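Colleague: sequence unavailable; structure follows:
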């Protein structure tokens, strides 16, 4: 049976993640307050940021940037968009 949590991003109850998706306090915060559906939305946005900005997850500075963007995306804040990106209607 899937455990439900109140997802901060979706503003509704939804299935929780199976485990913390990131190490450290941010990973625990995400695990406690973000659903699998919201995490999947972040992963799609993160992929766009990595591809359009030519980021390397191996670069510590790029990784730090992605952690900051993850927190802003999931918990409210200014989130970067790729240059020239137009969200679907």
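Modeller: All right, it came through fine. Note that this is a predicted model, so its numbers are computed, not measured.
Colleague: how far away from the center of its chain is the host helix or strand of residue 63?
Modeller: Here residue 63 sits within helix 60-75, counting by DSSP states H and E. Helix 60-75 sits 8 Å away from the centroid of its parent chain (C-alpha atoms, centre = their mean, to the nearest Å).
Colleague: and the contacts of that helix?
Modeller: Residues from elsewhere that reach helix 60-75 (C-beta atoms under 8 Å, 6 or more residues apart in numbering): 8-9, 22, 26, 29-30, 33-34, 38-39, 41-42, 45-46, 49-50, 55-57, 77-80. Where C-beta positions appear, they are placed from N, C-alpha and C, glycine not excepted.
Colleague: any of those buried? List them.
Modeller: Among the contacts of helix 60-75, those classed as buried by 16 or more other C-beta atoms under 10 Å are 8-9, 22, 26, 29-30, 33-34, 38-39, 41-42, 45-46, 49, 55, 80.
Colleague: what about the strands in this protein?
Modeller: 4-7, 12-15 (DSSP state E).
Colleague: who does the first one pair with, and is each partner parallel or antiparallel?
Modeller: Okay, so that is strand 4-7. strand 12-15 (antiparallel) (DSSP bridges).
Colleague: so who does residue 79 touch?
Modeller: Contacts of residue 79 by C-beta under 8 Å, 6+ apart are 45, 69, 72, 73.
Colleague: for the last one, which non-adjacent residue is spatially closest?
Modeller: Think residue 73. residue 79 (4.9 Å; C-beta to C-beta, 6 or more residues apart in numbering).
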